[in-house]
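# Fold the following, please.
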Amino acid sequence: MIATKYSWNSHRRYNAYSNHCLKKFGEKLQKVPLDAGYTCPNRDGTLGNGGCTFCNNDAFTPYYCDPLKKVSEQMKEGIAFHQKTVRKPKKYIAYFQAYTNTHGNTLDLKRNIDEALAFHDVVGFAVATRPDCMDEEKFDLLASYTPSYDVTIEMGIESCYDETLERINRGHGFEQVKELCQKASDFGISTCGHLIFGLPGESREMMLDEAQIVSGIPLDRLKLHQLQILKHTPMAGEYKEKPEDFLLFSAEGYCDFIADFLELLSPEIIIERLCSEVPPRYHEFPHWNNIKAHQITSMIENRLEERDSWQGKSKKGG
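You can find the predicted model right below:
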């Protein structure tokens, strides 16, 4: 059976997060990134050192995110920043973004969450973590907020292939991703996974197959990213040594790829992001002539329109 044509209440041909928020909250939400001062188990020696080979956390951290500041101070500055934008959002999600926010004491995590939720216009929170850094106590804590707040666990899947995860020093396998998604689902907690396209050793076909793979696990949302080679990362050195191991997309090629990927993806999965963007000063090599993420998103939407395509169009059993 072929998936029926998209039926979301907008002109978009994919299950966009903004549409989800409009339906659930009556308006779009704005995430406020936070740095609560955590690290990662494959940085501090718990599992390993050095972190993921692609990661430069500074590249996607807003100026007001400072672990020396209280969570409440970061929230205040983040909300003030977004109030200066054209959209002037009215409701927010506190996003504990930096590193692994469950890699520590559960009481500290609760204190940080409560500090963020003290702002009356915050309707939920997202906690960035890893599949190997959640336990029963932390699931219980996050689940306790679900009756009143929108609660999401965010995790870097990055790849569905264990050989890739090992190569990028991820420190866990895909089986742990599936286990975390199932456990979160059992607790009634939403999950959002990140995928990176262009990691070393992966072909276009392998990356497209990931649409079917993630469609088969209880995953609620996805953020999609093109690989960007960032300064001061082990991957920058790896790319210089073995560029033939990488399939880096052009901007046009990425739009075509994402259109193909979305056709194969379950229409039930909510898309939070179609591409990523970091400031040009962090790029080890020129990237897409500094085309902005919103421009790439528009290009992808135009590509779907041109092809009369939509999320889930080619997914069997949709």
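
# who touches Thr146 in this structure?
Residues counted as contacts of Thr146 (C-beta atoms under 8 Å, 6 or more residues apart in numbering) are 187-189. The way it works is simple: take the backbone N, C-alpha and C, and place the C-beta from them, glycine included.

# Pull up the gap between Lys315 and Leu265, please.
7 Å (C-beta to C-beta, to the nearest Å).

# anything in contact with each of these two?
Contacts common to Lys315 and Leu265, judged by C-beta under 8 Å, 6+ apart, are 211, 215.

# Specify which residue of these two has the higher count of neighbours.
Leu265 (28 against 19; other C-beta atoms under 10 Å).

# which residues in the stretch 101-250 of the chain form strands?
122-129, 150-158, 190-197, 221-226 (DSSP state E, counting those that start in this stretch).

# tell me what the longest one is packed against?
On a contact count with 3 or more C-beta pairs under 8 Å, 6 or more residues apart in numbering; DSSP states H and E, strand 150-158 meets strand 92-96, strand 122-129, helix 136-143, helix 174-186, strand 190-197.

# Note down every partner strand of the second one and its orientation.
The partner list of strand 122-129 in its sheet, established with DSSP bridges, is strand 92-96 (parallel), strand 150-158 (parallel).

# Dump these to TSV, plus mean neighbour count, distance to Ile291 and mean pLDDT.
Output for these, formatted as TSV (neighbours: other C-beta atoms under 10 Å; distance: least, C-beta to C-beta, whole Å; pLDDT from 0 to 100):
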stretch	mean neighbour count	distance to Ile291	mean pLDDT
strand 92-96	23	25	96
strand 150-158	23	23	96
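
# Mind putting the ones you listed into a markdown table with distance to Lys138?
As requested, these are exported to a markdown table (distance: least, C-beta to C-beta, whole Å):
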| stretch | distance to Lys138 |
| --- | --- |
| strand 92-96 | 12 |
| strand 150-158 | 9 |
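
# contacting residues for Thr53?
Counted by C-beta under 8 Å, 6+ apart, Thr53 has contacts 167-169, 233-235, 238.

# of all these, which two lie farthest apart?
Within the contacts of Thr53, two members stand farthest from each other by C-beta to C-beta: Arg167 and Thr233, at 13.6 Å.

# For these two, indicate the residue with more neighbours.
The neighbour count for Arg167 versus Thr233, taken as other C-beta under 10 Å, is higher for Thr233 (21 against 18).

# Skipping adjacent residues, who's closest to that one in space?
Asn56 (5.3 Å; C-beta to C-beta, 6 or more residues apart in numbering).

# now His103
Using C-beta to C-beta, 6+ apart, the nearest residue to His103 is Cys133, at 5.0 Å.

# can you count the residues close to Glu252?
If we define neighbours as other C-beta under 10 Å, then Glu252 has 12 of them.

# How about the one 5 residues further on?
For Phe257, the count of nearby residues is 22 (other C-beta under 10 Å).

# quick revisit: of all the helices and strands packed on strand 150-158, which lies closest to Phe25?
If we rank the helices and strands packed on strand 150-158 by C-beta to C-beta, the stretch that ends up nearest is strand 122-129, at 6.4 Å.
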